[in-house]
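Student: Fold the following.
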Amino acid sequence: SMRLLSSDFRIEPCCICGALTVNRHDVDEETTRMLPDFWFSVRRGAPTEAGLICDLCIKHDSAV
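Tutor: Residues are numbered from 1 along each chain as shown. Predicted coordinates for the structure are as follows:
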């Protein structure tokens, strides 16, 4: 098993849909390869003034 330190990976709910989200800039390719199943539960996203927004909400918002 492996632990992600909260100081390295701040995980919080998406400010739109509430899905657990991590800043995509905090996750490198090595971490993605080491924890492939983890990314089914936690989405990547981007920080905004309101908080983190997951990539699915970003895509949905830009499509509207």
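Student: so where do the strands sit in the protein?
Tutor: Counting by DSSP state E, the segments of the chain that form strands are 11-13, 20-23, 43-47, 52-54.
Student: I'd like those laid out as CSV, including mean pLDDT and mean neighbour count.
Tutor: Bear in mind the C-beta positions are built from the backbone N, C-alpha and C, glycine included. Putting the strands of the chain into CSV (pLDDT from 0 to 100; neighbours: other C-beta atoms under 10 Å) gives the following:
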stretch, mean pLDDT, mean neighbour count
strand 11-13, 92, 14
strand 20-23, 92, 20
strand 43-47, 93, 19
strand 52-54, 95, 23
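Student: quick one: which of those is nearest Thr32?
Tutor: strand 43-47 (9.1 Å; C-beta to C-beta).
Student: about what we covered before: between the strands of the chain, which one is closest to Thr31.
Tutor: So among the strands of the chain, strand 20-23 is nearest, using C-beta to C-beta, at 9.7 Å.
Student: Provide the strand pairings for that closest one, with the direction of each partner.
Tutor: Strand 20-23 has its sheet partners listed here by DSSP bridges as strand 11-13 (antiparallel), strand 43-47 (parallel).
Student: Let's have the ones you listed in JSON lines, adding distance to Asp55.
Tutor: Compiled in JSON lines, the strands paired with strand 20-23 are given as follows (distance: least, C-beta to C-beta, whole Å):
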{"stretch": "strand 11-13", "distance to Asp55": "14"}
{"stretch": "strand 43-47", "distance to Asp55": "5"}
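Student: for the ones you listed, which one sits closest to Leu56?
Tutor: Comparing the strands paired with strand 20-23 by their distance to Leu56 (C-beta to C-beta), the top pick is strand 43-47, with 6.5 Å.
Student: what's in contact with that closest one?
Tutor: Counting contacts by C-beta atoms under 8 Å, 6 or more residues apart in numbering, the residues outside strand 43-47 that touch it are 14, 19-25, 27, 52-58.
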